[in-house]
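can you look at this prediction? I've put the sequence above it.
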Amino acid sequence: MGTASFAVRATTLTFLLAGICGVASLPFAKENPPTAGIAPEKVADYVHAVLEADRTIYTTQIVDRMQEKGIVAATEHWEQDKTLPLPAQFLQHSGRLAAESGRGIRYRLIGFSPIYQRNAPATEFERRALDTLRRQSDRPVTGVVSSGKKQYFQAIYPDRAISSACVTCHNSHPLSPKQDFKLNDVMGGIAITIPLE
């Protein structure tokens, strides 16, 4: 085997090993390449896109279809009634599971006129964000908030009535302070909270 052939094979082997072991094994790679972070606004947008897609599919393809076919309804007391959770409950329960995961991310619904006080804005930032969304609901309201010694990025996205199930529930609930919602109305916000390192 000639020297040139050996050099080509050695170079090929180096690149194969680099592919298997990672670029850091190459002699010309930096030892500690800088890691690129993702801006919290982008992270919140990603989380919101997933939440919105999941909730829309659940609402339109499961709740609405099952109710239209008379198979099963979505009710507020779904566990006792052995029915489907309402779309708002679906998001609230998944938000609790995400919070319990220990990763620090939280999300929940907050309402302009919530049926239950636990869904009211919890901070001055959330109250101001909802006021802004009343006037302008084409983009989220964002900011940095503190809890104890920790700082969090928070984004409040408009929460629209995407289905008749949302409108019917709020308009017919005896505890609802507002009973004239229409389809596609902004009913409140989805608050996404992300820890800042």
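Happy to help now that I have it. Residues are numbered from 1 along each chain as shown.

strands of this structure, start to end?
With DSSP state E as the criterion, the chain has strands at 106-111, 141-147, 150-160, 186-195.

packing partners of the second one?
Where contact means 3 or more C-beta pairs under 8 Å, 6 or more residues apart in numbering; DSSP states H and E, strand 141-147 is packed against helix 124-135, strand 150-160. C-beta here means a position set from N, CA and C on the backbone, and glycine is covered the same way.

any idea which helix or strand in the protein has the lowest mean pLDDT?
Of all helical and strand segments in the chain, the minimum by mean pLDDT, DSSP states H and E falls on helix 3-21, at a mean of 36.

got a list of what the nearest residue to residue 189 once chain neighbours are set aside touches?
Closest residue in space to residue 189, ignoring its immediate chain neighbours: residue 156 at 4.2 Å, by C-beta to C-beta, 6 or more residues apart in numbering. Residue 156 makes contact with 110, 126, 129-130, 133, 140-142, 189-192 under the criterion C-beta atoms under 8 Å, 6 or more residues apart in numbering.

returning to that earlier point: need the helices and strands packed on strand 141-147 in TSV (columns: mean pLDDT and distance to residue 91).
Formatted as TSV, these follow (pLDDT from 0 to 100; distance: least, C-beta to C-beta, whole Å):
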stretch	mean pLDDT	distance to residue 91
helix 124-135	94	16
strand 150-160	95	9
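
out of these, which gets nearest to residue 59?
strand 150-160 (10.8 Å; C-beta to C-beta).

and that closest one, which residues are buried?
152-160 (16 or more other C-beta atoms under 10 Å).

then stretch 89-105?
Neighbour-count burial for stretch 89-105 [16+ other C-beta under 10 Å]: 89-92, 94-95, 98, 105.
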